[in-house]
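**Student:** Predicted model and sequence follow; I will ask about them next.
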Amino acid sequence: GGLSRLAWEPSTRVEVYALASLLVLLALARLADPTRRGRGVLAAALLGLAAGAHLVIAAAGVAAATALALGELRRERVLRRERETPGLSIPRGAGAFVGTAALSYLYLPLAGARAPETFAWGAPTSLDAFLAYVRGEDYGHNQGIDFPTWAAHLVDLTEWSFAHGTLPVLALGAVGFVALSRRGLRLTLPLTATVTVGFVAANVVFHPPRPAPRRDAPPPLRLSLPPVAVLALVGARHARDQGYARVAAALPLLALAVSPTHLLERRDDPSLADVMAHGALEEAPPDAILVVSADHWVAPLLFAQEVEGVRPDVVIVATGLGSSRWYWEHLFARHPGLTPMTLVGPGGRAGRLRRLVQAIAERPVLLESLALGEPLGLLPCGVGWMVWTEGACEAGGPEAHVASAAIERTAPLSGEALEVAARVNARRGEALWLFGRARAA
């Protein structure tokens, strides 16, 4: 089960998901050991550090740890009488959690100290900005899902997990926890799974193969593996149960059997993200505006420009951040030549983008896709890495085959890189088809 794509892919890259999961599992392991002194404070501190990495995964750990601690408190008199453990201190544990979490979040204003000139998400340099960052206000458009949609997402996620062999492992692990664990530990896995899976299904933009489900969901899967192993060992001791034991022992391998190729996949080298970002920036006319929305465009472009220093004259406009004042402050601080425009006005985020385009009418505008052109009132005129709009093609239009050849040179692609390449080429092919260039499309 731990070798399935669901757990393997996010565990083998440097990201907050794997770190938060590790800290949660360490906290639960410490808390479940009744012979370890100071275990409650240590577990709370580990959960506080997890909260600094990923709040939702930490919340799953807190829910599981609370259930475990309540079970321990019921037995505290007996344990203390037998001098096996000094017992748990809720106030000290709460203090350790809050303290370590607070220390983790103190990094935010330090990292944002150079905003708005430097890109710092949320620019949390004031109390209001810090609280807005913690509340996730930039992700407000992904909130407010209704119950029927959430339930439909749960069904989709369940079907996808079953097809990838991870649902049976999780189900058997839950049975093992209930059957074999101490009373307080029994709720650890169900609570962790409920919080993480419920959160993943609550995303408005939802598709099970997306990275988010794969990165947020592994903690309950990892928790399910020890009871699966214990069930197999218990069954193996009794002749009549050996058949069940073999099934239990082999079940985690099902997750590997249905999707084994990811173990041999190479990380994309050359990096597709690097090729895309450099290609789009180098292709752009002087002082161009690049309007992008997808993460696979926004993050690589920002990194190439603001970290590597590629094409500082190009203005990268991320539509998803159009509702955030801090982002516009950063944009105008980094590009002082931009004509100022009013942020407050009709139309919300789309209105701000239209006012920006109108204010810089003399600059060429390139779009991620045709769909971005209509709300901005822009007509397409060519296709390269991006969809070029009227005015941008006057000094010579783009060549679509250049981008196609660059993507082809990164092949063979797999996993997320293959999905991104397909999406990018689909957007470009759609535009070429509407231009009447069927062969190029």
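**Tutor:** In hand now; what should we look at? The structure displayed is predicted, hence computed values, not measured ones.
**Student:** Going by C-alpha atoms from here, please, whenever you check contacts or count neighbours.
**Tutor:** OK.
**Student:** got the CA positions of stretch 291-305 in PDB?
**Tutor:** C-alpha atoms of stretch 291-305 as PDB (Å, rounded to 0.1, in the frame of the first residue of the first chain):
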ATOM      1  CA  VAL A 291      -2.300  36.400 -18.700                       C
ATOM      2  CA  VAL A 292      -2.300  32.900 -17.200                       C
ATOM      3  CA  SER A 293      -4.500  30.900 -14.900                       C
ATOM      4  CA  ALA A 294      -3.400  27.300 -14.500                       C
ATOM      5  CA  ASP A 295      -0.800  26.400 -11.800                       C
ATOM      6  CA  HIS A 296       1.400  24.700 -14.300                       C
ATOM      7  CA  TRP A 297       1.900  28.100 -16.000                       C
ATOM      8  CA  VAL A 298       1.800  30.500 -13.000                       C
ATOM      9  CA  ALA A 299       4.400  28.900 -10.700                       C
ATOM     10  CA  PRO A 300       7.000  28.100 -13.400                       C
ATOM     11  CA  LEU A 301       6.700  31.600 -15.000                       C
ATOM     12  CA  LEU A 302       7.100  33.300 -11.600                       C
ATOM     13  CA  PHE A 303      10.100  31.200 -10.700                       C
ATOM     14  CA  ALA A 304      11.800  31.700 -14.000                       C
ATOM     15  CA  GLN A 305      11.300  35.500 -13.900                       C
END
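**Student:** Now do the end-to-end distance for stretch 393-400.
**Tutor:** Distance across stretch 393-400, first residue to last, is 13 Å (Cα to Cα, to the nearest Å).
**Student:** quick one: buried residues of it?
**Tutor:** Neighbour counts over stretch 393-400 (16 or more other Cα atoms under 10 Å) mark 393, 397-398, 400 as buried.
**Student:** Please look at residue 56 and residue 198 and confirm they touch.
**Tutor:** No - taking Cα atoms under 8 Å as the definition, residue 56 is not a contact partner of residue 198, at 10.2 Å.
**Student:** Comparing these two, which residue is more hemmed in?
**Tutor:** Summary of the neighbour comparison: residue 56 and residue 198, criterion other Cα atoms under 10 Å, with residue 56 having more neighbours (19 against 16).
**Student:** what sits against that one?
**Tutor:** Under the criterion of Cα atoms under 8 Å, 6 or more residues apart in numbering, the contact partners of residue 56 comprise 195-196, 199.
**Student:** Please flag which of those sit within strands.
**Tutor:** Using DSSP state E, the subset of the contacts of residue 56 located in strands is empty.
**Student:** show me what contacts residue 198?
**Tutor:** Under the criterion of Cα under 8 Å, 6+ apart, the contact partners of residue 198 comprise residue 154.
**Student:** With residue 356 instead?
**Tutor:** Remark: with contacts taken as Cα under 8 Å, 6+ apart, residue 356 is in contact with residue 341.
**Student:** Which of the helices or strands spans it?
**Tutor:** Assigned by DSSP states H and E, residue 356 falls within helix 348-359.
**Student:** Return the set of buried residues in that helix.
**Tutor:** Buried residues in helix 348-359, defined by neighbour count with 16+ other Cα under 10 Å: 349-353, 355-357.
**Student:** CSV please, covering those and showing distance to residue 328.
**Tutor:** Shown next, in CSV, are the buried residues of helix 348-359 (distance: Cα to Cα, whole Å):
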residue, distance to residue 328
349, 11
350, 13
351, 13
352, 10
353, 10
355, 12
356, 10
357, 14
